[in-house]
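In: The sequence and its predicted three-dimensional model are supplied below.
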Amino acid sequence: MDHGPQTRPSLVVRLGDRQDHAAWQEFVEVYEPLVYRLIRRGGLQDADAQEVTQQVLVAVAGAVDRWQVDPAKGSFRGWLATIARNLLTNYLVRQRRHARGTGGTDFQRLLAEHAAPAGPESALVALEYRRSLFRWAAERVRGQVQRATWEAFWQTAVAGRPVADVAAELGSSPGAVYVARSRVIRRLRQEVEAFEKQ
């Protein structure tokens, strides 16, 4: 299974310092969308998913200084996914309890409905992490290149449109579109590599 890029241990260590605003901003930019999508896949509507996502981030802030790199215990992303899953389950239990008004729930059934992904590094968590990292890097790179360069990349590499069509729309040659796409892809890779080396 492709686990994708790993979370930089240095970022996790920096998160232990609640005053390191740059580390927290970076963490939130990359991981908040990932957590939100995991929660949405649990069946919550947008507003509820945002609420649970914030609960996950608060829980991470309160416990990250105790998390240690230990492959035997699993990865940071696995730990994060466990927190998200547990808080999602807690939220669903509270909702059912409130909706019935009886206080009784079938907790084991709820857990089965929202079971943990197979293994600490589930394919879903890895995929969502890669998506979040791509979106984060894309936002950074987009502001660093000309609009036509970005459009050449986006339309051909992401939207999957034919190079010749995009070249005609942009008033350039297919070769120029290939070059622009290549430049943006290289910049995206550089952003991701820099993020993971910090």
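Out: Structure received.
In: Poorly predicted segments of this protein, please.
Out: 1-9, 68-73, 97-127, 196-198 (pLDDT under 70).
In: which residue is nearest the middle of it?
Out: For the chain, the residue nearest the mean C-alpha position is Leu34 (2.8 Å; C-alpha atoms, centre = their mean).
In: shouldn't it be in contact with Arg130?
Out: No: in this structure Leu34 lies outside contact range of Arg130 using C-beta atoms under 8 Å: 9.3 Å. Just so you know, the C-beta spots here come from the backbone N, C-alpha and C atoms, and that holds for glycine as well.
In: Report the contact partners of the residue nearest to the centre of the chain.
Out: Leu80, Val125, Glu128, Tyr129, Arg131, Ser132 (C-beta atoms under 8 Å, 6 or more residues apart in numbering).
In: Buried only: go through those for me.
Out: Leu80, Val125, Glu128, Tyr129, Ser132 (16 or more other C-beta atoms under 10 Å).
In: Which of these fall within helices?
Out: In helices, judged by DSSP state H, the following of the buried ones among the contacts of Leu34 are found: Leu80, Val125, Glu128, Tyr129, Ser132.
In: so what are the domain limits for the protein?
Out: Using automatic domain parsing, the domain parsing of the chain gives 1-136, 143-198.
In: tally of neighbours for Ala138?
Out: A total of 17 residues lie near Ala138 under the criterion other C-beta atoms under 10 Å.
In: any idea which element it lies in?
Out: Element membership for Ala138, per DSSP states H and E: helix 123-142.
In: elements contacting whatever helix or strand comes next after that helix?
Out: Downstream of helix 123-142, the first helix or strand assigned by DSSP H and E is helix 147-153. Contacts defined by 3 or more C-beta pairs under 8 Å, 6 or more residues apart in numbering; DSSP states H and E place helix 147-153 against helix 163-170, helix 174-197.
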